[in-house]
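Enquirer: Provided below are the primary sequence and the corresponding predicted coordinates.
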Amino acid sequence: MDYRNVVGSGPELAGFSADVLLVVLTPEQSRTGSAPLDALVSEALSAGDLELKDGQTLYVHRPAGLKAPRLAVAVAGGDTPRQFKAAIARLASHAKGARLTHAAVATAQGLTVMAAHAEMLAAAFGDATYVYSLSKPSAPKPAALKKVSLITTAGDATAAREGLARGQALAAGSALARELGNRPGNYCTPTGLANEARQLAKTFKHIKVEVFDRAAIEKIGMGSFLSVTNGSAQPPRFIVLRYEGAGKDQAPVVLVGKGITFDTGGISIKPAGEMDEMKFDMGGAASVLGTFRAVAELRPKVNLIGLVPTCENMPSGTATKPGDVVTSLSGQTIEVLNTDAEGRLILCDALTYAERFKPAVVVDIATLTGACVIALGHIHSGLFSADDELAQSLEQAGKIAGDTAWRMPLDDEYGDALKSNFADMGNVGGRAGGAITAAVFLSKFTKAYRWAHLDIAGTAWKSGAAKGGTGRPVPLLTHFVLSQQGKGALEPKPAKPAKPAKAPARRAAKA
Ligand code: BES
Ligand code: MN
Ligand code: ZN
C-alpha cells in the first residue's frame with residue numbers, strides 16, 4: 001500500500017480526486033471548511049441520518065458538489081489517536097470495493113493530525129484489508145486499494161509523513177504475525193516458521209538468520225526444550241535472528257518468542273473443546289518475526305536479536321511423562337509435573353542462551369497461561385518484570401502503540417509453589433496465581449540481565465466468529481525497540497554489590 005500525505009485546505013476537498021473520500025469528524029469538530037461537504041453533513045444531521053456521536057457513520061454515493069464519487073463520514077469519540085483509529089477502522093470498510101484503488105482521508109478543521117494519528121491510520125487500513133487465504137481458496141479477494149492519501153494542513157504534514165511511514169511498517173509486521181498465527185498447525189510447523197525467518201532475511205538485507213536443527217540443539221544442551229519435542233514427529237528448530245542497526249559496542253535488545261506450533265498438552269492432554277486454538281500457541285514467535293519485519297523497514301539505530309525455540313507439544317509413546325526430570329541448559333533440573341506447562345520449558349533454555357549476547361535487556365513473549373486470560377481478559381497483555389524502569393518503558397510503548405500491557409506482580413514468594421522433592425524446581429505451581437508462578441519460573445533463568453515477560457495468552461488471537469490472530473504485541477514491541485534508539489539501550493544491569501568479606505570465610509569453614 002502506498003500511503004502519502006497531501007497538503008490541502010478545506011475548500012480543496014470538493015475538488016479532490018479519489019475513488020472514495022473518507023472524513024473523520026468529532027462531536028466538537030464537525031466542519032471541514034468545504035462548503036458542499038459541510039452542507040451535506042448539516043443536512044444529514046437535520047434529517048437525523050447522522051448524529052455527532054461516537055460510532056456514527058454515513059455513506060453517500062455520488063455526493064453533490066464533490067468530485068469523489070463516494071463519501072463516507074465517521075464520527076470519532078474525540079481527537080485522540082486511539083479514537084481516530086477506531087473511526088478509520090469503520091471507514092476502511094467503505095474502501096474495500098473491487099473498483100476502489102485510491103482512498104483519501106480528511107479530518108474536520110481543528111482536528112490536529114499528529115504522527116500518532118497518521119500511524120494509526122496506516123495500521124487501521126492494514127488491519128482492515130488483511131485477508132487470510134492460504135488454506136481457503138474461496139476467501140474474498142484482497143481489497144483493490146493501492147493508495148491512501150491523508151489530506152492535512154501544511155503545519156501537520158511533517159508529522160503525518162513520519163507517522164504514515166511508521167504505521168505502514170507496523171501494519172506489515174502485524175500482518176505477518178497475524179498470518180503466521182492463522183496458519184493451521186499442519187501448515188505452520190517448526191520447519192515452516194524457520195523458513196519464514198529465512199524468507200525475512202532474504203527480503204531484508206539487514207536481517208540475518210541462523211537455524212539450529214535437533215542435533216545442534218542437543219549440542220547446545222537445551223535438555224528442557226528438547227523434552228517438549230519427545231512426542232512429536234515434527235523436528236524442532238531453534239531460530240536466531242539478528243538485526244544490526246547500531247555499532248558493535250551497543251548491547252542488543254533480545255526478544256524471545258514461544259513457538260509452540262501446536263499445543264495438545266502432551267500426556268497431560270487438553271480437553272477437545274477449542275483445542276484447535278492451540279495452533280496460535282506460536283503467537284510469541286510470530287510477534288518476534290513481525291517485529292523484525294517492522295524494524296527492518298524502519299531501520300532504527302539499535303541492535304536486535306530474536307530467539308525462537310519452536311516445536312510441537314504432542315502425546316505419544318515417546319513423549320515426556322509427568323514426573324520426568326529434565327536438565328535445562330542452565331544446569332538446573334526441572335520435574336515436569338504437567339506436560340501442558342510446556343511453554344516455560346522451551347523458553348527457559350532460550351533465556352539461558354540469551355546470556356551469550358550480553359544483552360542490554362531481554363523481553364520474552366509467550367501465550368503462556370490460561371490464568372493470564374482469566375486475570376486480564378483480552379484487553380491488556382500481562383507484563384511481568386522486577387525492573388521498574390524496563391516495565392515502565394514497555395507500558396509506555398504499549399500506550400503509544402494502542403497495544404497495552406498491564407503490570408502484574410512477580411514476588412519471589414510465589415515461587416514457593418514450584419518446590420520439588422526430585423528436582424531443583426517443578427514446572428507448575430497450583431492453579432492459584434498461575435500466570436505469576438509461570439513468570440517466577442522463568443525468572444529463575446534470567447538472573448544475568450534485565451528482563452521482562454509478556455504473557456499474551458489473552459491478546460494474541462480472537463475466538464468466536466472473528467477467530468484469528470491479532471498481530472499483537474508487534475506494535476508494542478516495535479515501539480519499545482524504537483524507544484531504545486540513541487539511548488544506547490537501557491543501562492546494563494549494575495554489577496552485584498561485592499560480597500561481604502565474611503561470606504567466603506564462612507563457606508570455607510563449611511567445606
Ligand atoms: N498454551 C497454553 C496457555 C493457554 C491456554 C493460552 C489457553 C491461551 C489459552 C499453555 O501451554 C498451557 O497449557 N498452560 C497451562 C499451564 C498449567 C498446566 C499450569 C494452562 O494455562 O492451563
Ligand atoms: Mn500447554
Ligand atoms: Zn502452550
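Expert: Ah, there it is. The model shown is predicted, which means the values in this text are computed figures rather than measured ones. Residues are numbered from 1 along each chain as shown. Ligands and ions are numbered 1, 2, ... in the order given.
Enquirer: Tell me which stretches of the stretch 51-200 of the chain form strands.
Expert: 57-61, 70-75, 102-107, 147-152 (DSSP state E, counting those that start in this stretch).
Enquirer: Okay, and the beta partners of the closest residue to ligand 3 within the stretch 201-350 of the chain?
Expert: Closest approach between the stretch 201-350 of the chain and ligand 3, counting by CB to the ion: Asp263, at 3.7 Å. Heads up, the C-betas are built off the backbone N, CA and C, glycines and all. Note on Asp263: beta-bridge partners by DSSP bridges are Asn313.
Enquirer: hang on, it packs against Ala341?
Expert: No - counting by CB atoms under 8 Å, Ala341 is not a contact partner of Asp263; they are 10.3 Å apart.
Enquirer: Now do the same contact list for the residue of the stretch 201-350 of the chain closest to ligand 3.
Expert: Lys270, Met278, Asp281, Glu312, Asn313, Asp340, Glu342, Gly343 (CB atoms under 8 Å, 6 or more residues apart in numbering).
Enquirer: Looking at those, which are in strands?
Expert: Residues of the contacts of Asp263 located in strands (DSSP state E): Glu312, Asn313.
Enquirer: now the contacts of Asp263 in TSV, with neighbour count, distance to ligand 2 and pLDDT?
Expert: Output for these, formatted as TSV (neighbours: other CB atoms under 10 Å; distance: CB to the ion, whole Å; pLDDT from 0 to 100):
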residue	neighbour count	distance to ligand 2	pLDDT
Lys270	16	7	98
Met278	20	7	98
Asp281	27	7	98
Glu312	26	11	98
Asn313	31	6	98
Asp340	21	4	98
Glu342	29	5	98
Gly343	28	6	98
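Enquirer: between the contacts of Asp263, which is closest to Pro137?
Expert: Closest approach between the contacts of Asp263 and Pro137, by CB to CB: Met278, at 24.8 Å.
Enquirer: Excluding chain neighbours, what is closest to that closest one?
Expert: Asp263 (4.1 Å; CB to CB, 6 or more residues apart in numbering).
Enquirer: about what we covered before: so which of the contacts of Asp263 belong to helices?
Expert: Gly343 (DSSP state H).
Enquirer: could you redo the contacts of Asp263 as CSV and give each row distance to Leu289?
Expert: What follows is the contacts of Asp263, written out as CSV (distance: CB to CB, whole Å):
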residue, distance to Leu289
Lys270, 25
Met278, 19
Asp281, 15
Glu312, 18
Asn313, 20
Asp340, 25
Glu342, 20
Gly343, 17
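Enquirer: list the contacts for the closest residue to Gln332 other than its chain neighbours?
Expert: Nearest residue to Gln332 in three dimensions, chain neighbours excluded: Asp424, at 4.4 Å (CB to CB, 6+ apart). Residues near Asp424 by CB under 8 Å, 6+ apart: Gln332, Thr333, Ile334.
Enquirer: what about Asp127, distance to ligand 2?
Expert: Going from Asp127 to ligand 2 by CB to the ion, to the nearest Å gives 28 Å.
Enquirer: Return the distance of that residue relative to Gln56.
Expert: Distance, Asp127 to Gln56, using CB to CB, to the nearest Å: 21 Å.
Enquirer: Where does the prediction get shaky in the stretch 151-300 of the chain?
Expert: For the stretch 151-300 of the chain, applying pLDDT under 70 flags no range at all.
Enquirer: Write out the residues of it neighbouring ligand 3.
Expert: Ile260, Asp263, Asp281 (CB under 5 Å from the ion).
Enquirer: tell me, how many neighbours does Pro359 end up with?
Expert: Pro359 has 24 neighbours, counted by other CB atoms under 10 Å.
Enquirer: Confirm it sits in a helix?
Expert: No - with DSSP: H, G, I helix; E, B strand; the rest coil as the criterion, Pro359 is coil rather than part of a helix.
Enquirer: Please look at it and Tyr449 and confirm they touch.
Expert: Yes - between Pro359 and Tyr449 a contact is recorded at 5.1 Å, counting by CB under 8 Å.
Enquirer: returning to that earlier point: please convert the contacts of Asp424 to a markdown table, extending it with neighbour count, pLDDT and secondary structure.
Expert: Shown next, in a markdown table, are those (neighbours: other CB atoms under 10 Å; pLDDT from 0 to 100; DSSP: H, G, I helix; E, B strand; the rest coil):
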| residue | neighbour count | pLDDT | secondary structure |
| --- | --- | --- | --- |
| Gln332 | 16 | 98 | coil |
| Thr333 | 16 | 98 | strand |
| Ile334 | 28 | 98 | strand |
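Enquirer: pLDDT value on the nearest residue to Arg183 once chain neighbours are set aside, please?
Expert: Computed as CB to CB, 6+ apart, the closest residue to Arg183 that is not its neighbour in sequence is Leu134, at 6.0 Å. Here the pLDDT value assigned to Leu134 is 97.
Enquirer: In contact with the residue in the stretch 301-450 of the chain that ligand 1 sits nearest to, which residues?
Expert: Here the residue of the stretch 301-450 of the chain nearest ligand 1 is Gly370; by CB to the nearest ligand atom that distance is 3.4 Å. Gly370 makes contact with Gly434, Ala457, according to CB under 8 Å, 6+ apart.
Enquirer: Surely Ile334 and Ser224 touch.
Expert: Yes - between Ile334 and Ser224 there is a contact under CB under 8 Å: 5.8 Å.
Enquirer: Please identify every residue contacting each of the two.
Expert: Shared contacts of Ile334 and Ser224, defined by CB under 8 Å, 6+ apart, comprise Val326, Thr327, Ser328, Leu345, Cys348.
Enquirer: for the helix or strand where the last one lies, packing partners?
Expert: In this structure, Cys348 sits in helix 343-354 according to DSSP states H and E. With contacts taken as 3 or more CB pairs under 8 Å, 6 or more residues apart in numbering; DSSP states H and E, helix 343-354 sits against helix 223-229, strand 253-257, strand 259-263, strand 303-313, strand 361-366, helix 434-443.
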